[in-house]
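>>> Sequence and predicted structure below; questions after.
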Amino acid sequence: MNEILKAYASVSVSAALLTIVLLLFRPLYQRIFSKRWQYYIWLIVVARFLIPWNPGNGIVGNLFQQTQKTFFPQTSQQQDPTQQMLLQEQDPSEQQTFTQQDPSEQQTLLQANPLQNTVFSSQSADNHDRAENNSMTKNRTMNLQAIWLLTALVLFVRKITVYQSFVNYLKAGCSPVEDIRRLEMFGKMIEQKRIKCAIGLYTNCLTASPLLIGFIHPAVILTKAELSDTEFYHTVLHELTHYKRRDLLYKWLVQITVCLHWFNPFAYLMAREVSRMCELSCDEAATDLMDEESKRAYGDTLLHAMCTGGFYKNSLASITLGGGKQLLKERLGELMKTKKRSKRITAAAIAAAVLLAGGAVAAGAYVQPAAAGKPKKEIRLSDCRIIEKNGIFYILCEGAVKSDMPTGGVTDGCVGIMLVKPDEYTSIGPFEHMDRLVRDVKKQAEQLRKKKKLTAEEASLLTQAAEKIQKDASQEAYDFISITKKKGAYYYRGSRIRIFMDQRTDESFVKFKYDEKGEIDICLRRAEDFSVASISFLTEEEAEEILEDLEVDDEKAPVIEDPARPVAIDESAAAPADSGQIKDANQGIYVSRLTKEDLPAQIKQEIARCKQGNWYRIKHKNCTYIYYDGLPNDYAFKPALSTQKAKIRIVDMGGSESYVLLAVYGNVPVTVTYQNQKVACKEISLKQER
């Protein structure tokens, strides 16, 4: 069932419980607490009816959570118990999966079916039947929601239409009061009530009793019956009290509640009680400062209004002076009662209101599981299974099994990723380029997170899965062409590789490694779909050129490899950036890759002001910092250093989005290239801290 409908159904039950409590305890509080308290206490019930939110599920919310499978079936796919038993009886070889925790099993599966990962057999007939059942359930819930909303809309439009017709009818027969003496009295009463809005005064022989109408242009409408000055005063006083308290707004708020909860009989009971207490509390407020004689005169006015009015009345559209005979009898009886209340009663009234408000929260409302406030178990990729089928990588988490996987596929050459839970799933993609999979997944997952369709934890899980899928695809390519890795070293058909270059079509690196103990030099080139296009040996001239670019001897050659942090020219000899001990030029030039946490405070403050997408060269003491925020992938660097200059070549390594932060120790000019293109850096020179 739709989450909104479930939320409003739950608050309808909660508000009904509050209504029952107030009605049951009414004999206890109606003679103790003021009529004003008895009138406004219903606002808590109205708020519970209208606000489908709660800090937690509460009593009713938990009930809805426990019974939703029975009364509100899930629209996403559920596991069939019969199918689960069949799956358990299957031969284990037919249920191939691979996990992050079992690399040997993963390696076996990859070798068995290269470039496609693991393919699983599906029970298409069962999936088809389950899809049809889910579709029928979804249609039923959508129809139920449509009926609820359509009925609420029809009722509300009808109430608006009735109100507008009533107002138009009254205006057609109204005559403005022209008696100067009455108008002066009316003006003084408005001034005494401190009402700044202009209120009209009219007479109409058709209205059943004096009343107040209008939001924007309010008006008091009297009957044609002749009123004495006392009756006029009491009549107008009653209607102005209604206006001062915004009772018309309160009344329409109740009508909106009735429209939304038209299926709940307790909503109508609540509306009846609010209407009754509206008049009783208004009488109490109007006669609060009157003596007994004035109160008797006020009661006579109520009786006169009951006997002399016309026939047209509408309790929905207006606030009247009169009412039913039973209500009139109750109002007259309450007028002569003493209204003085002690501080203890006032304190008890406040406590009772707080207690009812707490009860409204305790009763609660249905909250979606992601926002229910319950502690959630952290989802880790190592606890999930990743299954590839028809180009879609299914991430099974929180106990999800194969039967929870929805059917589907993607275009040949594309990749889709689906996060599957026992009662729901989220799909992203398709993605065309395997070498950009991590970046594309992260971007799409972040968009879904901002739209609140994914949690931050789920977005992170998808990104981690994409990193694993991309890495496995790369390793799979190596296995396919007989490149293996042992203890950090790469081998090609048993020969240890010295220079290993794994290049994309744009000549950026998927992987670059120099191994001084290697025997051969290999260059692997990939096609646009990330598959291996060719593999070749480097010539002696090409290998020498690469080593010359690095400008280091074999003993200090850097090892640049993803995902490990690259080391450049005896990085361990360089002093920490925050130690203040910077090597001078006579001791050599050093390059170090840093994180923002490694920086001294002054540099941290400076890069915090740097704009994303711009390259910066920040000079401080005897060190130059190279900074760039917003790199689409992780990076490696190749330094070419001398005592006269430093050239830093930065290459794209794939993986997660990153920032560049390098420290070049030594007072030499520094130039930077990225993807073989020289970049323009904004120069920033910082004064030394004293």
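Arrived safely.

>>> For the rest of this, base every contact and every neighbour count on C-alpha atoms.
Fine.

>>> need the helices for the stretch 401-550 of the chain, in chain order.
In the stretch 401-550 of the chain, helices defined by DSSP state H, counting those that start in this stretch lie at 437-450, 456-480, 540-550, listed in chain order.

>>> Between these, which one is closest to Ile379.
Checking the helices of the stretch 401-550 of the chain against Ile379 by C-alpha to C-alpha gives helix 456-480 as the closest, at 7.3 Å.

>>> quick revisit: JSON lines please, covering the helices of the stretch 401-550 of the chain and showing mean neighbour count.
Shown next, in JSON lines, are the helices of the stretch 401-550 of the chain (neighbours: other C-alpha atoms under 10 Å):
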{"stretch": "helix 437-450", "mean neighbour count": "20"}
{"stretch": "helix 456-480", "mean neighbour count": "19"}
{"stretch": "helix 540-550", "mean neighbour count": "13"}
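
>>> For Leu206, which of those helices is the nearest?
When the helices of the stretch 401-550 of the chain are compared (using C-alpha to C-alpha), the closest one is helix 437-450, at 58.1 Å.

>>> what angle do the closest one and helix 456-480 make?
Here helix 437-450 runs at 170 degrees with respect to helix 456-480, directions being taken by axes from the mean of the first three to the mean of the last three C-alpha atoms, to 10 degrees.

>>> Helix 437-450 - contacts with which helices or strands?
strand 424-431, helix 456-480 (3 or more C-alpha pairs under 8 Å, 6 or more residues apart in numbering; DSSP states H and E).

>>> Report the rounded mean pLDDT for stretch 646-658.
Averaged over stretch 646-658, pLDDT sits at 73.

>>> Use 494 as the first number from now on
That works, and once the first residue is 494, the last one we named lands at stretch 1139-1151.

>>> so who does Arg873 touch?
Applying C-alpha atoms under 8 Å, 6 or more residues apart in numbering, we find Arg873 in contact with Leu954.

>>> What distance do you get for it to Thr956?
12 Å (C-alpha to C-alpha, to the nearest Å).

>>> try Ile962
From Ile962 to Thr956 the distance is 10 Å (C-alpha to C-alpha).

>>> before we move on, what about Ala798?
On the measure of C-alpha to C-alpha, Ala798 and Thr956 end up 74 Å apart.

>>> Same check on Tyr1118?
Distance, Tyr1118 to Thr956, using C-alpha to C-alpha: 30 Å.

>>> tell me how far the helix or strand containing Ala500 is from the chain's mean position?
Assessed by DSSP states H and E, Ala500 sits inside helix 496-517. Its chain's C-alpha centre and that of helix 496-517 lie 25 Å apart, by C-alpha atoms, centre = their mean, to the nearest Å.

>>> Are there helices or strands packed against that helix, and which ones?
helix 535-543, helix 551-564, helix 758-779, helix 836-856.

>>> Give the other helices and strands that the second one contacts.
What that stands for is helix 551-564. Using 3+ C-alpha pairs under 8 Å, 6+ apart as the test, helix 551-564 ends up in contact with helix 496-517, helix 836-856.

>>> As CSV, the ones you listed with mean neighbour count, mean pLDDT and distance to Ala1139 would be great.
Converted to CSV, these look like this (neighbours: other C-alpha atoms under 10 Å; pLDDT from 0 to 100; distance: least, C-alpha to C-alpha, whole Å):
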stretch, mean neighbour count, mean pLDDT, distance to Ala1139
helix 496-517, 20, 92, 60
helix 836-856, 16, 94, 66
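
>>> Same list (those) but as a markdown table, adding distance to Val650.
Shown next, in a markdown table, are these (distance: least, C-alpha to C-alpha, whole Å):
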| stretch | distance to Val650 |
| --- | --- |
| helix 496-517 | 20 |
| helix 836-856 | 29 |
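
>>> quick one: Lys1089 from Glu925, how far?
Lys1089 is 33 Å from Glu925, where distance means C-alpha to C-alpha.

>>> Ile1096 should be in a helix, yeah?
Yes. Counting by DSSP: H, G, I helix; E, B strand; the rest coil, Ile1096 is found in a helix.

>>> Need the pLDDT of it.
90.

>>> Can you get me a residue count around it?
Using other C-alpha atoms under 10 Å, Ile1096 has 18 neighbouring residues.

>>> what's the answer for Thr1166, then?
That count, for Thr1166 with other C-alpha under 10 Å as the rule, works out to 16.

>>> what's it in contact with, if anything?
By C-alpha under 8 Å, 6+ apart, Thr1166 lies in contact with 1140-1143, 1172.

>>> just Leu828 next, same as before
776-777, 780, 788-789, 792.

>>> which of these sit farthest apart?
Pairwise distances across the contacts of Leu828 peak at 13.2 Å for Glu777 and Arg789 (criterion: C-alpha to C-alpha).

>>> can you give me the helices for the stretch 644-793 of the chain?
For the stretch 644-793 of the chain, the helices defined by DSSP H, counting those that start in this stretch cover 673-685, 722-737, 740-753, 758-779, 785-801.

>>> between the ones you listed, which one is nearest to Phe1130?
That would be helix 740-753 among the helices of the stretch 644-793 of the chain, by C-alpha to C-alpha, at 63.2 Å.

>>> buried set for the closest one?
740-741, 743-753 (16 or more other C-alpha atoms under 10 Å).

>>> Turn these into a markdown table, including distance to Lys652.
Formatted as a markdown table, the buried residues of helix 740-753 follow (distance: C-alpha to C-alpha, whole Å):
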| residue | distance to Lys652 |
| --- | --- |
| Asp740 | 17 |
| Leu741 | 14 |
| Tyr743 | 15 |
| Lys744 | 12 |
| Trp745 | 10 |
| Leu746 | 12 |
| Val747 | 12 |
| Gln748 | 8 |
| Ile749 | 9 |
| Thr750 | 12 |
| Val751 | 11 |
| Cys752 | 9 |
| Leu753 | 13 |
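
>>> Of those, which is the nearest to Ile709?
For those, the nearest to Ile709 is Leu741 (11.4 Å; C-alpha to C-alpha).

>>> From Leu733, how far out is that closest one?
Leu741 sits 11 Å away from Leu733, going by C-alpha to C-alpha.

>>> What of Ala850?
Distance, Ala850 to Leu733, by C-alpha to C-alpha: 30 Å.

>>> same thing with Leu796?
Distance of Leu796 to Leu733, given as C-alpha to C-alpha: 19 Å.

>>> who has more neighbours, the two?
Relative neighbour count places Leu733 above the other of Leu796 and Leu733, with 24 against 16, counting by other C-alpha under 10 Å.

>>> Give the full set of residues in contact with that one.
By C-alpha under 8 Å, 6+ apart, the contact list for Leu733 reads 683, 686.

>>> Convert the C-alpha atoms of stretch 646-660 to CSV, please.
Output in CSV follows, covering the C-alpha atoms of stretch 646-660 (Å, rounded to 0.1, in the frame of the first residue of the first chain):
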residue,chain,number,x,y,z
LEU,A,646,-11.7,16.0,-2.7
VAL,A,647,-15.4,15.6,-3.6
LEU,A,648,-16.4,16.3,0.0
PHE,A,649,-14.2,19.3,0.4
VAL,A,650,-15.3,20.8,-2.9
ARG,A,651,-18.9,20.2,-1.8
LYS,A,652,-18.3,22.0,1.5
ILE,A,653,-16.7,25.0,-0.3
THR,A,654,-19.6,25.1,-2.8
VAL,A,655,-22.2,25.0,0.0
TYR,A,656,-20.4,27.8,1.9
GLN,A,657,-20.1,30.0,-1.2
SER,A,658,-23.7,29.5,-2.1
PHE,A,659,-24.8,30.3,1.4
VAL,A,660,-22.7,33.5,1.4
